[in-house]
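K.L.:
predicted structure and sequence below. I'll ask about it afterward.
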Amino acid sequence: MSKFQYIAFYKPYGVLCQFTGEKEDRTLAEFNLPKDVYAAGRLDKDSEGLLILTNDGIFNQKITSPRSNKEKVYWVQVERIPSESSLKELSLGVTIKGGYKTLPCTVTRIDKPEVPPREPPIRERKTVPDCWLEIKVVEGKNRQVRSMTDKIGHPTLRLIRVRVGKKNLNDLSPGEWTEIKPNEVI
């Protein structure tokens, strides 16, 4: 039986969380990752940040199952400056597409973090301010964080996952990866 592998990868913007795609798609295949590892959880093509990959199915379940309560932390650049009441509404849980009410989460307005430039850069409008939020969730529905900020009237401009469980993105740059141990995550 092959040895289990655990990888922390900084998924760049515009890359699918799979090894195959359509001809024009960027995929994980271009990053020289070990064979037979798969994403434990997903990040949308238009999101970036920490992606854990493994060939250990039990480990994968431990970090992706909603019952595991593994916290995921995102830095989210949103359009306009949300009010305290909007942030409170978000933290208590909001109803998103499909009538799903999100679980309570932690939301904090943060100073602009030091993050690598995104290629291509986000659209900037001189007349519309933006700000950064740190959002901590324990669930991961499809495009959930984007749907949550949309619900309170502050569309997401940029979304970076910076932590899964105990594992931080640390000083990985977009496209870089490193082998890790399972106890660094759970």
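P.N.:
Received it, and whenever you're ready, just let me know what you need.

K.L.:
low-confidence ranges in this structure?
P.N.:
For the chain, the stretches flagged by pLDDT under 70 are 1-2.

K.L.:
dump the residue contacts of the residue nearest to the spatial centre of the chain.
P.N.:
Centroid check for the chain by CA atoms, centre = their mean gives Arg161 as the closest residue, at 3.3 Å. Shown in contact with Arg161 (CB atoms under 8 Å, 6 or more residues apart in numbering): 43, 47-51, 72-74, 169. Placement of C-beta: from N, CA and C, glycine included.

K.L.:
same question, Asn168
P.N.:
Here Asn168 is in contact with 50, 162 (criterion: CB under 8 Å, 6+ apart).

K.L.:
and it, how close does it get to Tyr100?
P.N.:
Computed as CB to CB, to the nearest Å, the Asn168 to Tyr100 distance reads 28 Å.

K.L.:
what of Gly57?
P.N.:
As for Gly57, its distance to Tyr100 is 26 Å (criterion: CB to CB).

K.L.:
could you check which of those two is surrounded by more residues?
P.N.:
Between Gly57 and Tyr100, Tyr100 has the larger neighbour count (other CB atoms under 10 Å), namely 14 against 11.
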